[in-house]
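Q: Sequence first, predicted coordinates after that:
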Amino acid sequence: MQPDVDLSPDDQTLLFSYAFDQTAAVYTADLHGKHIKRLTPSSDSSFVQPVFSPDGRKIAMIRKRGNNEQILCIMNRDGSGLKALTDKLDGLVTDLAFSRDGRYLYFAKAYDLSADTESPVLYHIFRIHPDGTGLEMVTRQKEYELRSLAVSADDQTLYYVTGQTDDDDLPRLKVVPIAHPEKAHFLVPKGKREDPSVNDVELSPSGNWLVFTGIAEIKDGLPKYEQYLMNMKTKETKRISFLRSETGSAVFFHKKNQVLFTEDINWNRTGPDSPPPEYKVWITDFSGLHQKSIPLHVPLPER
């Protein structure tokens, strides 16, 4: 399973990407891990980072082919009508988020690859209507690193993680007013004393809460990443997962105070023969005291 998950607006359907033979497809399942359905066609491309539109009728995602093609795509909820939106645009699309009113898809596009790691670098943020019209650049200043893009509840502000600050190279949460990107600033959670870094951010539908992944402790040289919940009014932060492993991206439920997130169950298996990351899905409430996992057994694709 891939690290990014989403929930339908009625909180009944889990949306995720799952890979066989290094090629990922988009699936849905219910919250019991049942009724698993593949939505994207068989191809030599991977489809990753799927997200529901606010009305639940569309699904956007990134199509990846090799190291040189990552484009934004959209389809109907049942998998029909798959359409590329940025196939004529240079660069690699790496993150995406719907505006809360559904009028726009915001996406991050990288212009280059790092010489050291071959990871995408040098980003701008764009937006486009879901029908493929109205493409425009939102940010004018390039970010060297950018990931985990989110949009505020009033569609006025962008949030994302970047490693560039004047103090260090730790991943930080950057806030960018869409109408005035020159007023961008960093947001520092209060009460998180173990480590100030922020990863994998997501805003609640109301805009009152933000969940992110942060380092809870480091043991034997391995950081343990847990889920943290921040009150957007007070910026006070508390830990809400206690798996003592490596948790990943999260998404809020729409109708109750719960968060769904992923955990890499191979996080501590290191070395040249270590397996690739494999993700498990969890649900926790805002207290962090009630957690349960969702078993997912995706059938092998038909040949």
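A: Perfect, I can see it now.

Q: Pull out the buried positions in stretch 121-133.
A: Val121, Leu122, Tyr123, His124, Ile125, Phe126, Arg127, Ile128, Pro130, Gly132 (16 or more other Cβ atoms under 10 Å). C-beta here means a position set from N, CA and C on the backbone, and glycine is covered the same way.

Q: again with stretch 35-42
A: Residues of stretch 35-42 classed as buried by neighbour count (16+ other Cβ under 10 Å): Ile36, Arg38, Leu39, Thr40.

Q: want to try JSON lines for the buried residues of stretch 121-133, with secondary structure, distance to Thr28 and pLDDT as columns?
A: Output for these, formatted as JSON lines (DSSP: H, G, I helix; E, B strand; the rest coil; distance: Cβ to Cβ, whole Å; pLDDT from 0 to 100):
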{"residue": "Val121", "secondary structure": "strand", "distance to Thr28": "33", "pLDDT": "84"}
{"residue": "Leu122", "secondary structure": "strand", "distance to Thr28": "34", "pLDDT": "86"}
{"residue": "Tyr123", "secondary structure": "strand", "distance to Thr28": "30", "pLDDT": "92"}
{"residue": "His124", "secondary structure": "strand", "distance to Thr28": "32", "pLDDT": "93"}
{"residue": "Ile125", "secondary structure": "strand", "distance to Thr28": "28", "pLDDT": "95"}
{"residue": "Phe126", "secondary structure": "strand", "distance to Thr28": "27", "pLDDT": "95"}
{"residue": "Arg127", "secondary structure": "strand", "distance to Thr28": "26", "pLDDT": "97"}
{"residue": "Ile128", "secondary structure": "strand", "distance to Thr28": "24", "pLDDT": "97"}
{"residue": "Pro130", "secondary structure": "coil", "distance to Thr28": "19", "pLDDT": "97"}
{"residue": "Gly132", "secondary structure": "coil", "distance to Thr28": "24", "pLDDT": "96"}
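
Q: Of those, just say which sits nearest to Ile74.
A: Set against Ile74, the nearest of these by Cβ to Cβ is Pro130 (5.7 Å).

Q: phi, psi of that closest one?
A: The phi/psi pair for Pro130 (degrees, to the nearest 10) reads phi -60, psi -20.

Q: how close does it get to Asp4?
A: Distance, Pro130 to Asp4, by Cβ to Cβ, to the nearest Å: 19 Å.

Q: cool, and Leu15?
A: 9 Å.

Q: Find residues that contact each of those two.
A: Common neighbours of Leu15 and Asp4, using Cβ atoms under 8 Å, 6 or more residues apart in numbering, are Pro50.

Q: where are the low-confidence patches of the stretch 101-250 of the chain?
A: For the stretch 101-250 of the chain, applying pLDDT under 70 flags the ranges 164-168, 192-194.

Q: And Leu82, how close does it get to Pro50?
A: Distance from Leu82 to Pro50, by Cβ to Cβ: 12 Å.

Q: Quick check: phi and psi at Thr284.
A: Torsion angles, degrees, to the nearest 10, at Thr284: phi -140, psi 150.

Q: before we move on, what about Pro181?
A: Main-chain torsions, Pro181, degrees, to the nearest 10: phi -60, psi -20.

Q: Next: Phe286.
A: Torsion angles, degrees, to the nearest 10, at Phe286: phi -70, psi -20.

Q: Is it in contact with Asn231, as I believe?
A: No - look at Phe286 against Asn231 with Cβ atoms under 8 Å: they stay out of range, at 10.1 Å.

Q: Find residues that contact each of those two.
A: Common neighbours of Phe286 and Asn231 (Cβ under 8 Å, 6+ apart) are Trp209.

Q: Could you find the closest non-adjacent residue to Ser99?
A: Asp155 (4.6 Å; Cβ to Cβ, 6 or more residues apart in numbering).

Q: Shouldn't that neighbour be within a helix?
A: No - according to DSSP: H, G, I helix; E, B strand; the rest coil, the state of Asp155 is coil, so it is not within a helix.

Q: so how far is stretch 180-199 off the chain centroid?
A: 18 Å (Cα atoms, centre = their mean, to the nearest Å).
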